[in-house]
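Visitor: 3D, please:
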Amino acid sequence: MGTNDPVPEIEPNEDINGADATPMNKRSAGAGTLSSPADRDHFIRDCFIVGARYSVTVSPRIVGTVFVNGVGIPLDAAGRGEFVATANVLFGLTGGTGAYTMTLDFVSLP
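Guide: Okay, the predicted model is just below:
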């Protein structure tokens, strides 16, 4: 697997249905800044293996939950949570303040 390349967050990306979401690259990294706890950032990513388990890590851990297709995934103390993928995944972050990087990693096949 290659080195993660941060993908700048593009504003506005406030559309909850993903139409305005920032695309993530195939190396599975995205970066952005939450300007206030009410700010919402969304990233969309495809090319997942449907049914496989992946992890998402937010560094630094400025939020306690990442929303994956609208379902809250709690992050542990290290900022990591796991989810089962569908073909396309919309990630959402809200409730924090500051700059962050979000990284995705493969965990296991179904």
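Visitor: the helix or strand hosting residue 103 - contacts with which helices or strands?
Guide: Assigned by DSSP states H and E, residue 103 falls within strand 98-108. Judged by 3 or more C-beta pairs under 8 Å, 6 or more residues apart in numbering; DSSP states H and E, strand 98-108 is in contact with strand 29-34, strand 53-59, strand 89-94. From N, CA and C alone the C-beta is placed, and that goes for glycine too.
Visitor: now it: buried residues?
Guide: If you call a residue buried by 16 or more other C-beta atoms under 10 Å, then strand 98-108 has these buried ones: 100, 101, 102, 103, 104.
Visitor: quick one: contacts of it?
Guide: If you take C-beta atoms under 8 Å, 6 or more residues apart in numbering as the criterion, strand 98-108 is touched by 4, 6, 24, 28-34, 43, 45, 49, 52-60, 62-63, 66, 82, 91, 93.
Visitor: narrow these to just the buried residues.
Guide: Judged by 16+ other C-beta under 10 Å, buried ones among these: 4, 24, 28-32, 34, 43, 45, 54, 56-58, 62-63, 66, 91, 93.
Visitor: quick one on the thing from earlier: make JSON lines out of the buried residues of strand 98-108 and add distance to residue 73.
Guide: Conversion of the buried residues of strand 98-108 to JSON lines gives the following (distance: C-beta to C-beta, whole Å):
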{"residue": "100", "distance to residue 73": "15"}
{"residue": "101", "distance to residue 73": "17"}
{"residue": "102", "distance to residue 73": "12"}
{"residue": "103", "distance to residue 73": "14"}
{"residue": "104", "distance to residue 73": "12"}
